[in-house]
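> predicted coordinates and the sequence they were generated for:
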Amino acid sequence: MRDVVRRTARVWERSRPATKDLAVVAVAMAVVVLITADVLAGGLLTYLDDTVKDATFPSGDPPGWTHVVGLLGNVGVGSTAAVVAAIVTMHARWRWWPGVLVVAQLAATGIMVVALKYLVARPGPGGEALDDGYPGFYPSGHTATAMVSVGVLVFVLSGWRGRSLRRARQRGLWTGAAAGCLVAASSVLGGFHWLSDALASLAIGTAVLVLGFAMADQYVHDPR
């Protein structure tokens, strides 16, 4: 047991993120907390949700493109692609960290999303009642999954050949953010989620990607 604790402490010491990265993560999580509190209290954001819903909610079936874009956030699509990329990178570089990073980021995203769904238990914008076994619509699991899956996929593939992960971090963050925003837009415009559902998921995705990329970068470049 002591050996496990020592090894865990050693890995954390080697991969400890910089203060600026931790600050970004803290701000992103603070945004999640504030949005969650507002939704639970029926505050300002819920009025904004209603306004956006009235302006965008489809009168009939949602546009076909929203279903196609939403596939990026499907666990069976986005997450599987990220895991495959990690396996390929681990084999090519003979390093274990890409697999650990992908699994940890996907797991952290899923845990946070599911926990908040059970906490808030929010009905959908279409007035859908919560089915048995479905915890709620807040936050948007598809948005968070798309952002993290695409971001970490680009990150591990961009860092495949070179030792430097600085540029890979930028590519992963911006590509993940673009994918998350695209799925968020399709979720809101398609009438699947409230706007605040999507915003909270983007904040979750930001925290997960920044923390994971920072730790991987530190671990790879640590001379110990």
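Thanks, I have it. Numbering: from 1, shown residues only.

> below-threshold pLDDT in the chain: ranges please.
Along the chain, the parts satisfying pLDDT under 70 run over 1-15, 57-68, 70-71, 73, 75, 127-133, 160-164, 219-224.

> for the lengthiest helix in it, packing partners?
When the chain is parsed with DSSP state H, its longest helix is helix 195-221. Helices and strands touching helix 195-221, by 3 or more C-beta pairs under 8 Å, 6 or more residues apart in numbering; DSSP states H and E, are helix 2-15, helix 19-41, helix 44-56, helix 97-120, helix 141-158, helix 166-189. Quick note: C-beta positions are derived from backbone N, CA and C, even for glycine.

> now do the last one: which elements does it pack against?
Going back to what we said before, that points to helix 166-189. Contact here means 3+ C-beta pairs under 8 Å, 6+ apart; on that basis helix 166-189 packs against helix 44-56, helix 64-70, helix 141-158, helix 195-221.

> right, and the helix or strand after the second one?
Translated: helix 64-70. helix 80-93 (DSSP states H and E).

> export that following helix to CSV, keeping only CA atoms.
This file holds the C-alpha atoms of helix 80-93, laid out as CSV (Å, rounded to 0.1, in the frame of the first residue of the first chain):
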residue,chain,number,x,y,z
THR,A,80,-14.2,4.9,-29.6
ALA,A,81,-12.2,7.0,-32.0
ALA,A,82,-10.2,8.6,-29.2
VAL,A,83,-9.4,5.1,-27.7
VAL,A,84,-8.3,3.8,-31.0
ALA,A,85,-6.0,6.8,-31.5
ALA,A,86,-4.5,6.2,-28.1
ILE,A,87,-3.8,2.5,-28.8
VAL,A,88,-2.2,3.4,-32.1
THR,A,89,0.0,6.1,-30.5
MET,A,90,1.0,3.8,-27.6
HIS,A,91,2.1,1.2,-30.1
ALA,A,92,4.0,3.7,-32.3
ARG,A,93,5.8,5.5,-29.4
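
> that one: how far from the chain's middle?
Taking C-alpha atoms, centre = their mean, to the nearest Å, one finds helix 80-93 lying 19 Å from the centre of the chain it belongs to.

> could you count how many residues lie near Lys117?
A count of nearby residues for Lys117, using other C-beta atoms under 10 Å, gives 20.

> before we move on, back to that, deepest-packed of the helices and strands packed on helix 195-221, please.
By mean neighbour count, with neighbours taken as mean count of other C-beta atoms under 10 Å, helix 141-158 ranks first of the helices and strands packed on helix 195-221 at a mean of 28.

> gap between that one and the chain center?
That offset, for helix 141-158, works out to 7 Å (C-alpha atoms, centre = their mean).

> show me what it packs onto, helices and strands only.
Helix 141-158 packs on helix 80-93, helix 97-120, helix 166-189, helix 195-221, going by 3+ C-beta pairs under 8 Å, 6+ apart.

> would you turn those into JSON lines with distance to Ala28?
Formatted as JSON lines, the helices and strands packed on helix 141-158 follow (distance: least, C-beta to C-beta, whole Å):
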{"stretch": "helix 80-93", "distance to Ala28": "20"}
{"stretch": "helix 97-120", "distance to Ala28": "11"}
{"stretch": "helix 166-189", "distance to Ala28": "12"}
{"stretch": "helix 195-221", "distance to Ala28": "4"}
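
> between the ones you listed, which one is closest to Leu72.
helix 166-189 (5.4 Å; C-beta to C-beta).

> could you export that closest one as CSV, CA atoms only?
Extracted as CSV, the C-alpha positions of helix 166-189 are listed here (Å, rounded to 0.1, in the frame of the first residue of the first chain):
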residue,chain,number,x,y,z
ARG,A,166,3.2,22.4,-26.8
ARG,A,167,1.7,22.7,-30.2
ALA,A,168,-0.3,19.5,-29.7
ARG,A,169,-2.0,21.2,-26.7
GLN,A,170,-3.1,24.2,-28.7
ARG,A,171,-4.4,22.0,-31.5
GLY,A,172,-6.2,19.7,-29.2
LEU,A,173,-7.8,22.6,-27.2
TRP,A,174,-8.9,24.6,-30.2
THR,A,175,-10.2,21.6,-32.2
GLY,A,176,-12.0,20.2,-29.2
ALA,A,177,-13.6,23.6,-28.5
ALA,A,178,-14.7,23.8,-32.1
ALA,A,179,-16.3,20.3,-32.0
GLY,A,180,-17.9,21.1,-28.7
CYS,A,181,-19.4,24.4,-30.0
LEU,A,182,-20.7,22.6,-33.1
VAL,A,183,-22.4,19.9,-31.1
ALA,A,184,-23.7,22.5,-28.6
ALA,A,185,-25.3,24.5,-31.4
SER,A,186,-26.9,21.4,-32.9
SER,A,187,-28.2,20.3,-29.5
VAL,A,188,-29.8,23.7,-28.9
LEU,A,189,-31.1,24.4,-32.4
